[in-house]
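In: pasting a predicted model and its sequence here:
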Amino acid sequence: MEIEKILNEISEIENEAKKMIKEITDEKGMEEWRIKFLGRKGKINSITSKLPQIPQELRPEIGKRINSLKKTLINLYNESIKKIKKEEKFENLSFPGKRPKIGTLHPLTLIIREMTDIFFKMGFGIVTGPEIENDYYNFEALNTPEYHPAKSFWDTFYLNEKEKILLRTHTSPVQIRVMERMKPPFKIIAVGRCYRRDALDASHSPVFHQMEGLMVGKDIRFPHLKGVLTYFLHQLFGSEIKIKFSPSYFPFTEPSAEVSISCIICNGKGCSTCGYTGYIEILGCGMVHPQVFRNVGYDPEKVTGFAFGMGVERIAMLKFKIDDIRYFYQNDIRFLNQFG
Ligand code: PHE
């Protein structure tokens, strides 16, 4: 009697467990099921604890049955949980994904965009030129012959010394390339990488960027140059800055000038950035030299023009208050993430 009861109980447990497991759809349900049947106080253990109540000689047989049921339930559990996990994983595909990290624009890209936008507003077009140049475009056409002392300022890397193929030292050769192709009047800017044989330190880099400007037409005069650059610098740094034009020298402009702005770090009071002068030199400019016009086949009696060139890193450093040029090229994301 006792035996029949226990055998009945075993098959009831099996039926109940099989019936229940079919309805379970998630891991939480599976855990409840496991506790109910296979847990420490579960049905398998409770029926096992009844073994001593049955006659000794029948215990092995009943024990075997209980064990086999336990195995069956463990297998059932493993199968079901595998299926459920797979389904949950599949379901997870519809969850919102992790957002991929999107990089930021490089500070030099940002400043170039800002600078070009100001010139676009004044109707300038944008052009590019090769970084690999020859002596003619980089020096000679710009009225800087071989023996010229100014040439040593622009010492560079030669790719082929015999043919004088070099890495351009400034964006000014683009002036020549544009004038060879275009008829005045026009106004353009050119941006790009330049190279010089400078050792890398906080304010020098053998690779850097320049922005060049050139406007040529009838009756273009110094006040036009002054107006364009004043508008540009006020737009970029704010109309409260002071702008100073001082006489300077470039072989390809005459007269030439150097433009300084009141130091934006100390507001002109004097600090280490401006060398305690209150002013920071920011670009070179001048009226295009008649010889440069002759070199490209223009008649300097009929057309005049102005040109300017500035270092992009310099401007970015002032604008973003960066005190070391090397940050631009180190690709340190702690630096880069602060922009854009
Ligand atoms: N090319 C000059 C430089 O690299 C800058 C400049 C450009 C000066 C155009 C005058 C006119 O220093």
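Out: Right, received. Where do you want to start? Numbering: from 1, shown residues only.
In: which positions in the stretch 151-300 of the chain make contact with the ligand?
Out: 170, 172, 212, 250, 253, 284, 285, 286 (CB under 6 Å from any ligand atom). All C-beta spots, glycine's among them, are computed from the backbone N, C-alpha and C.
In: please redo it, this time with the cut-off set to 8 Å
Out: Within the stretch 151-300 of the chain, the positions adjacent to the ligand are 153-154, 169-172, 175, 194, 210, 212-214, 250, 252-253, 256, 283-286 by CB under 8 Å from any ligand atom.
In: among those residues, name the buried ones.
Out: 154, 169-172, 175, 194, 210, 212-214, 250, 252-253, 256, 283-286 (16 or more other CB atoms under 10 Å).
In: checking the residue in the chain that the ligand sits nearest to next. Helix, strand or coil?
Out: As assessed by CB to the nearest ligand atom, the ligand sits closest to residue 309 within the chain, at 2.7 Å. Taking DSSP: H, G, I helix; E, B strand; the rest coil as the rule, one finds residue 309 in the strand state.
In: that one: what's it in contact with?
Out: 170, 171, 172, 210, 211, 212, 213, 283, 284, 285 (CB atoms under 8 Å, 6 or more residues apart in numbering).
In: repeat that for residue 209.
Out: By CB under 8 Å, 6+ apart, the neighbours of residue 209 are 108, 112, 191, 192, 193, 194, 311, 312, 313.
In: what strands line up against the host helix or strand of it, and which way round?
Out: Assigning secondary structure by DSSP states H and E places residue 209 in strand 207-217. Sheet pairing of strand 207-217 (DSSP bridges) gives strand 186-195 (antiparallel), strand 304-311 (antiparallel).
In: buried stuff in the next helix or strand after it?
Out: Of the helices and strands lying after strand 207-217 in sequence (DSSP H and E), the nearest is helix 222-237. Using 16+ other CB under 10 Å as the burial criterion, the residues of helix 222-237 that qualify are 224, 225, 226, 228, 229, 232, 233, 235, 236, 237.
In: quick check: closest non-adjacent residue to the second one.
Out: Nearest non-adjacent residue to residue 225, counting by CB to CB, 6 or more residues apart in numbering: residue 306, 3.8 Å away.
In: in this structure, which spans are helices?
Out: Under the criterion DSSP state H, the chain carries helices at the ranges 2-23, 27-38, 43-48, 59-92, 107-121, 135-138, 173-181, 222-237, 290-295, 312-320, 333-336.
In: what is the first one packed up against?
Out: Other helices and strands packing on helix 2-23, by 3 or more CB pairs under 8 Å, 6 or more residues apart in numbering; DSSP states H and E, are helix 27-38, helix 43-48, helix 59-92.
In: now swap in the fifth one and tell me
Out: Using 3+ CB pairs under 8 Å, 6+ apart as the contact definition, the elements that helix 107-121 packs against are strand 125-127, strand 186-195, strand 207-217, helix 222-237, helix 312-320.
In: one more: the last one?
Out: Based on contacts counted as 3+ CB pairs under 8 Å, 6+ apart, there is no element that helix 333-336 packs against.
In: can you tell me what sits against that helix?
Out: Contacts of helix 333-336 (CB under 8 Å, 6+ apart): 103, 104, 106, 107, 327.
In: hmm, try it at 10 Å
Out: With contact meaning CB atoms under 10 Å, 6 or more residues apart in numbering, helix 333-336 is reached by 101, 103, 104, 105, 106, 107, 322, 324, 326, 327, 328, 330.
In: pLDDT (mean, whole number) over the strand holding residue 209?
Out: The average pLDDT within strand 207-217 is 98.
In: do stretch 299-317 as well
Out: 97.
In: do the same with stretch 141-155
Out: Rounded mean pLDDT across stretch 141-155 is 81.
In: report the buried residues of stretch 38-45.
Out: Under 16+ other CB under 10 Å, the buried positions of stretch 38-45 are 38, 42, 43, 44.
In: of these, closest to residue 262?
Out: residue 38 (81.7 Å; CB to CB).
In: hang on, the earlier thing: what's the closest of the helices of the chain to residue 164?
Out: Using CB to CB, the nearest of the helices of the chain to residue 164 is helix 135-138, at 3.6 Å.
In: the closest one - contacts with which helices or strands?
Out: strand 165-167, helix 173-181 (3 or more CB pairs under 10 Å, 6 or more residues apart in numbering; DSSP states H and E).
In: what does the first one rub up against?
Out: The list of residues contacting strand 165-167 from outside it, by CB under 10 Å, 6+ apart, reads 130-135, 137-139, 154-160, 193-197, 206-207.
In: list the buried residues in it.
Out: Quick answer for strand 165-167 (16+ other CB under 10 Å): 166, 167.
In: check stretch 22-30 too.
Out: For stretch 22-30, by 16+ other CB under 10 Å, it's 24, 30.
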